[in-house]
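Asker: I would like the atomic coordinates for the input below:
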Amino acid sequence: MKQHLTVVTHPLVQHKLTIMREKATSTAVFRQLLREISQLLAYEVTYELEMTTRRIDTPLQEMDAPVLAGRKLALISILRAGNGLLDGMLELIPSARVGFVGLYRDEKTLKPVQYYYKVPEHLDERMVIVVDPMLATGNSSAAAIDLLKQSGAKHIRFLCLLAAPEGVARMKEAHPDVPIVTAALDERLNEHGYIVPGLGDAGDRMYGTK
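Answerer: Got it, this is the predicted structure:
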């Protein structure tokens, strides 16, 4: 994955995202679609995982069959909205190790404030995929990746549902070595730091809060 930004244009991803954007879409449907779309995005972000072979017996003969190499993946959710992507990805990659970074955005400064941090061991030996539905200002995402690098993570990818150009630029400035995979690159941020046209607050729409 050489490019810094990959926009997944698969028809199913784009169709599901359109339904999620509609303000009339219910919390239950939004949550289900997020779970489904996360699996499609996970397929893209894990495309270049390292492989090895293992000797197995099929019903007909022995063979050297491909299997994943190295330690289990680490999926890191930026709370709380990241858990919506995490749930779907764990269905696809149930053996993954899971970590959580708790950050909230100060509404005055738009800067991230940390309140929780718990991640798997041996991050330096794992592919680390950070998940958060919205890459808006990029400040929280950059801060989360700062923490993960301090914990030893070297091979990091960032997965989101929507990205704003400002967030992509911020991430490229702070972490040019971290590829971004998203379903859409939207137009801009508004004066409140929300992605436009976007889909509103992903956490609120996922959990039915305001």
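Asker: other residues contacting the lowest-mean-pLDDT helix or strand in the chain?
Answerer: Of all helical and strand segments in the chain, the minimum by mean pLDDT, DSSP states H and E falls on helix 202-207, at a mean of 86. Residues from elsewhere that reach helix 202-207 (CB atoms under 8 Å, 6 or more residues apart in numbering): 20, 25, 27, 30-31, 34, 80-81, 84, 133-134, 161, 199, 209-210. The way it works is simple: take the backbone N, C-alpha and C, and place the C-beta from them, glycine included.
Asker: give the next helix or strand downstream of the helix of greatest length in the chain.
Answerer: Longest helix in the chain by number of residues (criterion: DSSP state H): helix 27-45. Sequence-wise, the next helix or strand downstream of helix 27-45 (DSSP states H and E) is strand 51-57.
Asker: in that following strand, which residues are buried?
Answerer: For strand 51-57, burial by neighbour count (16 or more other CB atoms under 10 Å) applies to no residue.
Asker: who touches it?
Answerer: By CB under 8 Å, 6+ apart, strand 51-57 touches Glu62, Met63, Asp64, Ala65, Pro66, Val67, Leu68, Ala69.
Asker: export it to CSV, keeping only CA atoms.
Answerer: Coordinates of each C-alpha in strand 51-57 appear next as CSV, following Å, rounded to 0.1, in the frame of the first residue of the first chain:
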residue,chain,number,x,y,z
MET,A,51,1.9,-14.7,4.2
THR,A,52,3.6,-17.9,4.7
THR,A,53,2.7,-21.6,4.1
ARG,A,54,1.7,-24.5,6.4
ARG,A,55,1.6,-28.2,5.6
ILE,A,56,-2.0,-29.5,5.8
ASP,A,57,-4.0,-32.6,4.8
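Asker: which residue packs closest to Val119, ignoring adjacent ones?
Answerer: With CB to CB, 6 or more residues apart in numbering as the criterion, Val119 has its nearest non-adjacent residue at 3.3 Å, and that residue is Gly99.
Asker: ok, that neighbour to Ala28 distance?
Answerer: 27 Å (CB to CB, to the nearest Å).
Asker: between the two, tell me which one has more neighbours.
Answerer: Gly99 (22 against 9; other CB atoms under 10 Å).
Asker: so how far is Ala183 from that one?
Answerer: For Gly99, the distance to Ala183 equals 23 Å [CB to CB].
Asker: and what of Leu79?
Answerer: Leu79 sits 21 Å away from Ala183, taking CB to CB as the criterion.
Asker: the more surrounded of these two?
Answerer: Per other CB under 10 Å, whichever of Leu79 and Ala183 has more neighbours is Ala183, with 24 against 18.
Asker: surely the more buried one touches Val13?
Answerer: Yes: counting by CB atoms under 8 Å, Ala183 does reach Val13; the two are 5.1 Å apart.
Asker: okay, and the common contacts of those two?
Answerer: Ile37, Leu41.
Asker: quick one: secondary structure of Met63?
Answerer: Recorded secondary structure, Met63: strand (DSSP: H, G, I helix; E, B strand; the rest coil).
Asker: with adjacent residues omitted, what lies nearest to His155?
Answerer: Closest residue in space to His155, ignoring its immediate chain neighbours: Met127 at 5.0 Å, by CB to CB, 6+ apart.
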